[in-house]
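K.L.:
structure here, sequence nowhere to be found:
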């Protein structure tokens, strides 16, 4: 018999371990869908749309993750792990001394630096330039990395020193917004200070910062609030975990973690990611609509057969199951292709540095692409949810057909 | 198949004394907005297991509707639906309708149970074969077994044997589009009988065939049904075919009368 060889197989699978009925139907209809020109066209559009959408989502999120990672790495390398702000006390020196000692006593604390902050100006070429003035005690804290000296004096960011043409040994006048009453009336408080070194400039710190000795800062700002900058040995994550322990030893003070200090930056970065995800995700949404139409067309073209299957005893639940599988199979091609394309593309972009940017202007010389498990889960999860919605729509239509009505041609 | 035939569910469950079909005061009304058309007006029908019955009547008399009700493809009007019941049926006004197949009331089954009932207890032969074009002849015959989730190898060998019995052993891997009208109907016949259903419903099974093919299909149908001891309900316009059934009923304007 000519069909003997084939009869040992059913749908290409051995008779032992044959697919269940819903799988059988879904696989066969997938094959027949390729024979109908309209359905094939719509299936191709849906699969390509899903592939392009998924690949674009993976690439966009990978670029943002890479950029954010670099940006945060640079910023967080120079932010205090924790800050302890002084409460309103009469003797600030005594509070700072006692609090520093108490915080140093907590296990895992690496260093504690006392600082004060204020806003003011630096006179450069007879022009007052606005800056954030940080008064430091003894040594520059962690938030001023790569200091070129250990002497007490005025420290400027590298970029600022370059821009202003200022070198160590130059004397600059630092001006405070506070005034002092003189016989000629109120006059701003000023301090001429010698530039002793520079530190690495930081982006997104809310303005240019300069560092001056605490004693000079006191003269400029008077009784401003003291802050303790705390560094811990366990890094950024350790700092967040240690915050309650440190707060416990300085009960009247306010303890802020690096995460809280950079909340707005985090918000902006996250917002950027969410908005881009939604915008690019529209491609997947449109592709899913094509899948909805595609499945509706399959159900319409198979109407009489669905009716016959119902008459043979296929329950609505199993018909739904079969068409859900069919929708998933139609989308799977696009989903797999898109994921492969996105991951490979991101790797190539990163490895071969295909998107270069001017390193002098930006903080990187190429756009780094980083595919994270979280981004991938988000893309695949949301795409799968949309695909299942589309498939459910088709499955519901198929299972709602009355066999008698459906069989009428 | 004959040698290995398993007793039908009615026999197996010890319900052999229950009639194959017992219908009392069954009505069916189609409603379209304000308008309603009473297609069946109090049908009474009792058939014993193994009987063959023909239902004849003019077009639009409700024959197919009655067959669809018997096949669980549609539901009769519920009790107290207000449809006027033919007073010649013997029942009294207000009496609840009865719709039992092998002692089991179809009125109580939900969609899933009804689907299972159709799969295991009924065999359908339609006027237009209703074969699945994406499956070949053997796969079409296997379909009720696959739906039931039975052992694929047994279903496969049963389907093959059935197709051989109707002379289609050389057409196993042919798709419906590659078969003649008579061959398609013989495949549909095999599909209806694959699971040895105790009740076979045939709706004009030869209505779309030339006389020679029609005769061949009908002969096979009655032969296979009788060999299995199944009950056959045949809807037909053809008086010759009806005459070859044990009992004849005629349906006119929704009222069923017993002719023989």
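P.N.:
Good, I have the coordinates. Since this is a predicted model, take the numbers as computed values, not measurements.
K.L.:
which bits of chain B sit near chain A?
P.N.:
B:68, B:71, B:73-74, B:111-112, B:115-120, B:122, B:124, B:126, B:128, B:130-135, B:138-139, B:143-144, B:146-149, B:152-153, B:156, B:160, B:169-170, B:172-173, B:191 (Cβ under 8 Å from any Cβ of the partner chain). Yep, even glycine has a C-beta here, placed from its N, CA and C like the rest.
K.L.:
and these, which are buried?
P.N.:
Buried subset of those (neighbour count, 16 or more other Cβ atoms under 10 Å in any protein chain shown): B:68, B:71, B:73-74, B:115-120, B:122, B:124, B:126, B:128, B:130-132, B:134-135, B:138-139, B:143-144, B:146-148, B:152, B:156, B:160, B:172-173, B:191.
K.L.:
and the residues you listed, which of them are in helices?
P.N.:
B:68, B:115-120, B:138-139, B:143-144, B:146-148, B:152, B:156, B:160, B:191 (DSSP state H).
K.L.:
list the buried residues for the one helix or strand residue A:52 maps to?
P.N.:
Residue A:52 belongs to helix A:37-76 when assigned by DSSP states H and E. By neighbour count with 16+ other Cβ under 10 Å, helix A:37-76 contains the buried residues A:39, A:42-68, A:70-72, A:74-75.
K.L.:
dump the residue contacts of the closest residue to residue B:175 other than its chain neighbours.
P.N.:
Nearest non-adjacent residue to residue B:175, counting by Cβ to Cβ, 6 or more residues apart in numbering or on different chains: residue B:136, 5.2 Å away. Residues in contact with residue B:136 (Cβ atoms under 8 Å, 6 or more residues apart in numbering or on different chains) are B:172-175.
K.L.:
determine which two of those are furthest apart.
P.N.:
For the contacts of residue B:136, the maximum inter-member distance is 10.9 Å, found between B:172 and B:175 (Cβ to Cβ).
K.L.:
how far away is residue A:161 from residue A:213?
P.N.:
18 Å (Cβ to Cβ, to the nearest Å).
K.L.:
can you check residue A:197 too?
P.N.:
Per Cβ to Cβ, residue A:197 is found 13 Å from residue A:213.
K.L.:
between those two, what contacts are shared?
P.N.:
Common neighbours of residue A:197 and residue A:213, using Cβ under 8 Å, 6+ apart, are residue A:153.
K.L.:
residue A:49 contacts residue A:287, correct?
P.N.:
Yes: with contacts counted by Cβ atoms under 8 Å, residue A:49 reaches residue A:287, the gap being 2.6 Å.
K.L.:
which parts of whatever helix or strand residue A:29 lives in are buried?
P.N.:
Element membership for residue A:29, per DSSP H and E: helix A:21-33. For helix A:21-33, burial by neighbour count (16+ other Cβ under 10 Å) applies to A:21-30, A:32-33.
K.L.:
can you tell me what sits against that helix?
P.N.:
Taking Cβ under 8 Å, 6+ apart as the rule, helix A:21-33 contacts A:10-11, A:18-19, A:39-40, A:43, A:294, A:298, A:302, A:309, A:314, A:318, A:321-323, A:325-326, A:329-330, B:133-135, B:146-147, B:149.
K.L.:
for chain A, which element, helix or strand, carries the lowest mean pLDDT?
P.N.:
When the helices and strands of chain A are scored by mean pLDDT, DSSP states H and E, helix A:4-7 comes last with a mean of 40.
K.L.:
hang on, the earlier thing: nearest to residue A:366, of the buried residues of helix A:21-33?
P.N.:
The closest of these to residue A:366 turns out to be residue A:30 (Cβ to Cβ; 42.1 Å).
K.L.:
please give me every residue in contact with residue B:21.
P.N.:
Contacts of residue B:21 by Cβ under 8 Å, 6+ apart are B:45-47, B:70, B:100-101, B:199, B:231, B:233.
K.L.:
now do the helices in chain A.
P.N.:
A:4-7, A:21-33, A:37-76, A:92-104, A:158-164, A:214-221, A:235-249, A:258-261, A:263-301, A:303-311, A:316-351, A:373-400, A:403-407.
K.L.:
between those, which gets nearest to residue A:189?
P.N.:
Of all the helices of chain A, helix A:214-221 comes closest under Cβ to Cβ, at 5.2 Å.
K.L.:
in that closest one, what's buried?
P.N.:
Within helix A:214-221, the residues that qualify as buried are A:214, A:216-217, A:219-221, counting by 16+ other Cβ under 10 Å.
K.L.:
which residues sit in contact with the closest residue to chain B within the stretch 151-300 of chain A?
P.N.:
Going by Cβ to the nearest Cβ, chain B is nearest to residue A:298 of the stretch 151-300 of chain A, at 11.4 Å. Going by Cβ under 8 Å, 6+ apart, residue A:298 touches A:29, A:33, A:39, A:323, A:326, A:394.
K.L.:
got the contact list for residue B:260?
P.N.:
Counting by Cβ under 8 Å, 6+ apart, residue B:260 makes contact with B:247-248.
K.L.:
can you list the weak-confidence ranges in chain A?
P.N.:
By pLDDT under 70, the low-scoring segments of chain A are A:1-18, A:202-207, A:359-363, A:409.
K.L.:
for chain B, what's its nearest residue on it.
P.N.:
Taking Cβ to the nearest Cβ, chain A has residue A:313 as its residue nearest chain B, at 2.4 Å.
K.L.:
leaving out sequence neighbours, find the closest residue to that residue.
P.N.:
Per Cβ to Cβ, 6+ apart, closest to residue A:313 is residue B:119, 2.4 Å.
K.L.:
how close does that neighbour get to residue B:143?
P.N.:
Separation of residue B:119 from residue B:143 (Cβ to Cβ): 10 Å.
K.L.:
which ones are touching the residue in the stretch 101-250 of chain B positioned nearest to chain A?
P.N.:
The stretch 101-250 of chain B approaches chain A most closely through residue B:119 (2.4 Å), counting by Cβ to the nearest Cβ. Contacts for residue B:119 (Cβ under 8 Å, 6+ apart) come out as A:312-314, B:144, B:147-148, B:195.
K.L.:
so residue A:376 makes contact with residue A:58?
P.N.:
Yes: using Cβ under 8 Å, residue A:376 is in contact with residue A:58, at 6.9 Å.
K.L.:
OK, contacts around the most centrally placed residue in chain B?
P.N.:
Nearest to the mean C-alpha position of chain B, by Cα atoms, centre = their mean, lies residue B:201 at 1.4 Å. By Cβ under 8 Å, 6+ apart, the contact set of residue B:201 is B:67, B:70-71, B:122-125, B:232-233, B:235.
K.L.:
closest one of those to residue A:342?
P.N.:
Looking across the contacts of residue B:201 and measuring by Cβ to Cβ, the closest to residue A:342 is residue B:124, at 49.6 Å.
K.L.:
quick one: that closest one and residue B:184, what's the gap?
P.N.:
As for residue B:124, its distance to residue B:184 is 14 Å (criterion: Cβ to Cβ).
K.L.:
mind checking how far the nearest residue to residue A:281 once chain neighbours are set aside is from residue A:328?
P.N.:
Spatial nearest neighbour of residue A:281, chain neighbours left out: residue A:57 (6.3 Å); criterion: Cβ to Cβ, 6+ apart. For residue A:57, the distance to residue A:328 equals 19 Å [Cβ to Cβ].
K.L.:
next: residue B:257.
P.N.:
Residue B:257 is 53 Å from residue A:328, where distance means Cβ to Cβ.
K.L.:
of these two, give the one with the bigger neighbour count.
P.N.:
residue A:328 (17 against 13; other Cβ atoms under 10 Å in any protein chain shown).
K.L.:
residues touching the nearest residue to that one once chain neighbours are set aside, list them.
P.N.:
Distances taken as Cβ to Cβ, 6+ apart put residue A:391 closest to residue A:328, at 5.7 Å, once the chain neighbours are dropped. By Cβ under 8 Å, 6+ apart, residue A:391 lies in contact with A:291, A:295, A:323-328, A:331.
K.L.:
most neighbours among the residues you listed, please name it.
P.N.:
Within those, residue A:331 tops the neighbour count with 31 neighbours, counted by other Cβ under 10 Å.
K.L.:
great, nothing more from me.
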